[in-house]
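> Quick check, what structure comes out for this input:
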Amino acid sequence: MSTLTDNSMTNHHAQGVLYQIGEVLHVWHERYRTRRELTHWTARDLQDVGLSWSDIAYEADKPFWRA
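You can find the predicted model right below:
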């Protein structure tokens, strides 16, 4: 006689994995959005936060998956 039931064979971790995937996608989207936003800053904005155009170019050229 089998002791396995439909419930015991259910993957209870799927919801957690889907949540983690969603979180990663959210972080990637935010990186992409903020890096593109930096390219529209003025020289004054950059001076206020202590960044140069080369800093912005370096950051904007990174792929979204790289921190």
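> quick one: buried residues of the lengthiest helix in the chain?
Looking across the chain with DSSP state H, the single longest helix is helix 14-38. Buried residues in helix 14-38, defined by neighbour count with 16 or more other CB atoms under 10 Å: 31, 35, 38. Just so you know, the C-beta spots here come from the backbone N, C-alpha and C atoms, and that holds for glycine as well.
> any chance of those in a markdown table, with pLDDT too?
Shown next, in a markdown table, are the buried residues of helix 14-38 (pLDDT from 0 to 100):
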| residue | pLDDT |
| --- | --- |
| 31 | 96 |
| 35 | 94 |
| 38 | 92 |
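> Of those, which is the nearest to residue 62?
Taking CB to CB as the measure, residue 62 lies nearest residue 35 of these, at 6.8 Å.
> gap between the residue lying closest to the closest one once chain neighbours are set aside and residue 21?
Spatial nearest neighbour of residue 35, chain neighbours left out: residue 60 (5.0 Å); criterion: CB to CB, 6 or more residues apart in numbering. For residue 60, the distance to residue 21 equals 26 Å [CB to CB, to the nearest Å].
> go on, residue 32?
Taking CB to CB, one finds residue 32 at 17 Å from residue 21.
> and the spatially closest residue to residue 31 that is not a sequence neighbour, how many neighbours?
Nearest non-adjacent residue to residue 31, counting by CB to CB, 6+ apart: residue 64, 4.9 Å away. By the criterion of other CB atoms under 10 Å, residue 64 has 15 neighbours.
> Distance of residue 64 relative to residue 16?
According to CB to CB, residue 64 stands 23 Å off from residue 16.
> quick one: contacts for residue 56?
Counting by CB atoms under 8 Å, 6 or more residues apart in numbering, residue 56 makes contact with 38-39, 41, 46.
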